[in-house]
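In: Sequence first, then the predicted structure:
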Amino acid sequence: MSRTLLARASLGVLLLFGCWIAYTQNQGKPPQLTLNKVKDDLYEIEGDGGNVAVYVTSEGVILVDDKFEQDHEGIVAKVKSVTDQPVKYVLSTHHHADHSGGNARFLPTAEIISTANARANIVEHKQANAPPGVAPARVGFTQECSVFLGGRRVRTQKIDSGHNNRDDII
């Protein structure tokens, strides 16, 4: 074996080993999420993909989006840092996993609501790189929907020309 070939093979092994070390250093670390107070009982959780709105009422919490599945525990911890009320509703703005990837983790205790089109996109696996297990909403609407909780109303309405054609505004 020539010295050049041996040197290149050694360099390749070192590069792969370095990549493996870098990759494993990031495994298992929970995503960094930041809670920001917007106004009174309205908060925003940012980091790791799309943002989450947190609306606290006297009867429970309404979330707008729930990020990726791996963010569930961090989101719940941030909510618990501002209220003892449980999450009752999650309004999903669209089907991308950084907005609806945590649906399955919230479904046992909260109702997930989205446009009928966003629900269909999750069922039909329209996001090719979505992780397995993204759960569709159990409640879908075609034009608009209102949630009433703790004497407050949150209204969501489908829009046709947003981030994709399955978006809604809340």
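Out: Received, thanks.
In: Tell me the secondary structure of residue 85, please.
Out: State at residue 85, reduced to three classes by DSSP: H, G, I helix; E, B strand; the rest coil: coil.
In: got it, and residue 93?
Out: Residue 93 - assigned by three-state DSSP - is coil.
In: May I have the distance across stretch 126-135, first residue to last?
Out: Taking CA to CA, to the nearest Å, stretch 126-135 runs 13 Å from one end to the other.
In: gap between it and the chain center?
Out: Taking CA atoms, centre = their mean, to the nearest Å, one finds the center of stretch 126-135 at 12 Å from the center of the full chain.
In: Give the buried residues for that stretch.
Out: For stretch 126-135, the buried set under the neighbour-count rule, 16 or more other CB atoms under 10 Å, comprises 127, 130, 134, 135. In this view, the C-beta of every residue, glycine as well, is placed from N, C-alpha and C.
In: who does the one helix or strand residue 62 maps to pair up with?
Out: Take DSSP states H and E as the rule and residue 62 turns out to sit in strand 60-64. Applying DSSP bridges, strand 60-64 is found paired with strand 52-57 (antiparallel), strand 87-91 (parallel).
In: Against residue 67, how distant is the nearest residue to residue 56 once chain neighbours are set aside?
Out: Once flanking residues are discounted, residue 56 sits nearest to residue 41: 4.0 Å by CB to CB, 6 or more residues apart in numbering. Counting by CB to CB, to the nearest Å, the gap from residue 41 to residue 67 is 20 Å.
In: Neighbour count: the two, which is higher?
Out: More crowded of residue 41 and residue 67, by other CB atoms under 10 Å: residue 67, with 26 against 17.
In: The more buried one touches residue 46, doesn't it?
Out: No: when contacts are counted by CB atoms under 8 Å, residue 67 is not listed as touching residue 46 (9.7 Å).
In: Mutual contacts of the two, please.
Out: Residues touching both residue 67 and residue 46 (CB atoms under 8 Å, 6 or more residues apart in numbering) are residue 52.
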